[in-house]
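Engineer: no sequence for this one, just the structure:
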């Protein structure tokens, strides 16, 4: 290499003849002529000795022509390969693209206000949820694809009502909605490849649309997938949480720092680009969409309603009537003909019984009124000479055996 460079320098810069250069450097004149004729420095190339695979390459190509995705192990079996699998796999890997075709991936350019990627993150720590229980709870993560702005909230479940409630909370905090909401095939959003009626109604109210990722394609919403890993490494380490509320408070305190970091691919900070993103988004509707878990039941003599695996007491004066139960992320509200007949903090545990002491007192008063009315009817029947009905009130057996009517429904 040094002789080649020096030969060219002496010839071009010094104007020395080939014979003089050969004498000064101690090389043959043909070596000087070759250096001056070449366009690049000399490179040593070891002659190829061939490979055992060369003899069977036509057979390999024949099999790949039939099935371009045929595994190398199957190819080895078909051609009776008895040598090293490494050299066979290397050759198959080299020639397979000639038959598999080319599937180029374009660089995605995200437009302002175009999309928000949604995903569920499941942090490993089990969060205390009361009633002596702890659970691994989902965290809904939203990433605006243009500004990379992050927001997240822990949810009590991954049921559809809770997911749309979480989406509405994050979207309303941002102040506008992207033109598309990108989801993977989460069961409550589009587990069968079609957007559920609940998710479609939510999107319609907000004048946006839900886009489902293709099956087994995590790169489709890779931005928020990477943010889940970012939470694992930057938010979670060293933290302890006493409740879901504590988790959400710590997350809310940390997110402004996350959105103030400089992102190389963005060339700036999400908080600085958010304004441009918001300007291109759709304004929020004047009325919020319907969210949360809902059910309608007839209130039984046991004046409790069940929603999300927990029982909540209801004003017993509405026994026998239809009531509408709605569970938001924080409250459980029961309504009968426009009247609120129960309002409880939502329990994130399971198999819990939540009782309002006022409902218990009302039930006791109703039982006394029922017993007094019954005794009055029996006295009136006796005074009229009617034979009394030989049926004992069930409450008498409760009193006899010392069993209270509200046993097992103590306030939690």
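Structural biologist: Thanks, I have the structure now. Computed from a prediction, not measured in an experiment: that's the story for all the values here.

Engineer: distance of the closest residue to residue 42 other than its chain neighbours from residue 21?
Structural biologist: Spatial nearest neighbour of residue 42, chain neighbours left out: residue 4 (5.9 Å); criterion: Cβ to Cβ, 6 or more residues apart in numbering. Any C-beta I mention is one placed from the backbone N, CA and C, and that applies to glycine too. Going from residue 4 to residue 21 by Cβ to Cβ, to the nearest Å gives 12 Å.

Engineer: Show me which of the two is the more surrounded one.
Structural biologist: With neighbours defined as other Cβ atoms under 10 Å, residue 4 and residue 21 compare such that residue 21 has more, 24 against 17.

Engineer: Which pLDDT value does the model give that one?
Structural biologist: Note for residue 21: predicted pLDDT of 86.

Engineer: What of residue 362?
Structural biologist: According to the prediction, residue 362 has pLDDT 94.

Engineer: Repeat that for residue 25.
Structural biologist: 85.

Engineer: which phi and psi does it have?
Structural biologist: Dihedral pair for residue 25: phi -90, psi -10, per degrees, to the nearest 10.

Engineer: list the contacts for the closest residue to it other than its chain neighbours?
Structural biologist: Leaving aside its chain neighbours, residue 25 sits nearest to residue 3 (6.1 Å; criterion: Cβ to Cβ, 6+ apart). Residue 3 makes contacts with 25, 27, 31, 35, as judged by Cβ atoms under 8 Å, 6 or more residues apart in numbering.

Engineer: Let me have these in CSV, adding distance to residue 180 and secondary structure as columns.
Structural biologist: Putting the contacts of residue 3 into CSV (distance: Cβ to Cβ, whole Å; DSSP: H, G, I helix; E, B strand; the rest coil) gives the following:
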residue, distance to residue 180, secondary structure
25, 70, helix
27, 70, coil
31, 68, helix
35, 63, helix
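
Engineer: Export these as JSON lines, with columns for distance to residue 91 and neighbour count.
Structural biologist: Converted to JSON lines, the contacts of residue 3 look like this (distance: Cβ to Cβ, whole Å; neighbours: other Cβ atoms under 10 Å):
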{"residue": "25", "distance to residue 91": "44", "neighbour count": "16"}
{"residue": "27", "distance to residue 91": "41", "neighbour count": "16"}
{"residue": "31", "distance to residue 91": "38", "neighbour count": "17"}
{"residue": "35", "distance to residue 91": "37", "neighbour count": "21"}
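
Engineer: Pick the one among those closest to residue 266.
Structural biologist: Nearest to residue 266 among the contacts of residue 3 is residue 35, at 50.7 Å by Cβ to Cβ.

Engineer: Give me the nearest residue to that closest one, chain neighbours excluded.
Structural biologist: Looking at residue 35 with Cβ to Cβ, 6+ apart, the closest residue is residue 7, at 4.2 Å.

Engineer: tell me the phi and psi of the residue nearest to residue 138 when sequence neighbours are not counted?
Structural biologist: Spatial nearest neighbour of residue 138, excluding adjacent residues (Cβ to Cβ, 6+ apart): residue 120 at 4.6 Å. Main-chain dihedrals, residue 120, degrees, to the nearest 10: phi -100, psi 130.

Engineer: ok, now how distant is residue 120 from residue 183?
Structural biologist: Remark: distance between residue 120 and residue 183 (Cβ to Cβ) = 10 Å.

Engineer: neighbour-wise, which of the two wins?
Structural biologist: residue 183 (25 against 19).

Engineer: Hmm, that one is touching residue 209, no?
Structural biologist: No: Residue 183 is beyond contact range of residue 209, at 10.9 Å (criterion: Cβ atoms under 8 Å).
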